[in-house]
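Student: Structure for this input, please:
(one chain, ligands or ions: 1)
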Amino acid sequence: MEKVLSVKNLTKKFKRIVVNNISFDVEKGNVYGLLGPNGSGKSTTFGMLLSTINPTSGEWYWFGKKGTDSDTLKKIGAIIEQPNFYPYLSAETNLKIVAEIKGTPFHRIDEVLQTVGLLERKKDTFKTYSLGMKQRLAIASAMLNNPEVMILDEPTNGLDPEGIIQIREIISNIAKQGITIIIASHLLDEIEKICSHVIVLKEGNSIYCGRVDEMTANNGYFELKADNNTLLLNALNSLGWFTAVHPEGDLLKAQIRDDASISASSLNQKLAEQGIFLSHLTKKKMSLESQFLELVKNTN
Ligand SMILES: Nc1ncnc2c1ncn2[C@@H]1O[C@H](COP(=O)(O)OP(=O)(O)OP(=O)(O)O)[C@@H](O)[C@H]1O
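Tutor: Numbers count the residues shown, from 1 in each chain. Here you go, the predicted model:
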């Protein structure tokens, strides 16, 4: 796989260290999530990779070339701040201004407006746009010069559910064109829905870096209920298939061991053989959110 970005031991210290020795690689054509709570260092990391913030130490390579020079910046479409366009000019005219600055031919304007679903509204002034439309116009603007990589800092911040879904669909369509995307977000659910890979930051430290599906590839857990939950609890513990069994409301939750592969029907049969008949049985997987909370907890 071709590497688009390689980050090695990147550190930033303001008064205190806010990005601490993080390393990760970004491979072409994937969608990466930089996931972390507010203040975990996501924007600072982007700032360093885009050369707007000086690193304290460490290095990075875009397309195999050290640092971020002006040629490299031409290959990156970034949205770091709130969209900023001329309010009384149309979307089309605003993009013409950007195209002039970037030296991009005007025929790209309709193409990028089509990608973000704003072609029909291109004659409308920016000030009449909803927040979601403004954000979509910013994405269009960042796409004007055919970037190989897009960097998006919290692209759905402040949007309503419909706006969030639209941005998600646009991001996934852009990714299908082979453009590598790196998104910063504190929304775990968003990362799970959009990204193939995730880098989890906590207080400036990278605590997980890898595929989202590998992060979620735990064996999951069962929720169960019987007339006598005490008997059920003892039976589950004696099976040795679970790392933990504990009550949650009137249900029991049994966390399946990593090396065990148990179907709901085989568990049901095993318990029935012991005279325990279930009134409730479901097999579930932990969401990325629970995994993330586990990771954050484990590093304390
Ligand atoms: N110029 C600066 N001077 C001093 N401290 C800063 C500066 N910029 C950022 N910080 C601090 O660095 C830490 C990381 O901030 P950063 O904006 O990178 O986090 P973030 O993960 O992007 O959070 P958010 O989602 O809230 O933007 C924060 O504690 C922030 O206050």
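Student: And the helices in the protein?
Tutor: 42-49, 70-74, 91-102, 107-115, 131-143, 161-176, 188-194, 212-215, 229-239, 264-273, 288-298 (DSSP state H).
Student: For residue 253, which of the ones you listed is the nearest?
Tutor: Comparing these by their distance to residue 253 (CB to CB), the top pick is helix 229-239, with 10.0 Å. For the C-beta atoms, the positions are set from N, CA and C on the backbone; glycine is no exception.
Student: Next, the angle helix 264-273 makes with the closest one.
Tutor: 110 degrees (axes from the mean of the first three to the mean of the last three CA atoms, to 10 degrees).
Student: who in the chain is up against the ligand?
Tutor: Residues of the chain lying close to the ligand by CB under 6 Å from any ligand atom are 14, 18, 36, 38, 39, 40, 41, 42, 43, 44, 186.
Student: Is there a neighbour count for the first one? I'd like the number.
Tutor: Meaning residue 14. A total of 10 residues lie near residue 14 under the criterion other CB atoms under 10 Å.
Student: which residues does the spatially closest residue to residue 248 that is not a sequence neighbour contact?
Tutor: Distance criterion CB to CB, 6 or more residues apart in numbering; nearest residue to residue 248, sequence neighbours excluded, is residue 223 at 7.6 Å. By CB atoms under 8 Å, 6 or more residues apart in numbering, the contact set of residue 223 is 248, 251, 252, 253, 280, 281, 282, 284.
Student: need the contact list for residue 49.
Tutor: Contacts of residue 49 by CB under 8 Å, 6+ apart are 5, 7, 60, 62, 68, 151.
Student: right, and residue 22 touches residue 205 too?
Tutor: Yes - here residue 22 reaches residue 205: they are 7.1 Å apart, a contact under CB atoms under 8 Å.
Student: neighbour-wise, which of those two wins?
Tutor: residue 22 (22 against 16).
Student: Test of understanding: give the bridge partners of the more buried one.
Tutor: residue 10 (DSSP bridges).
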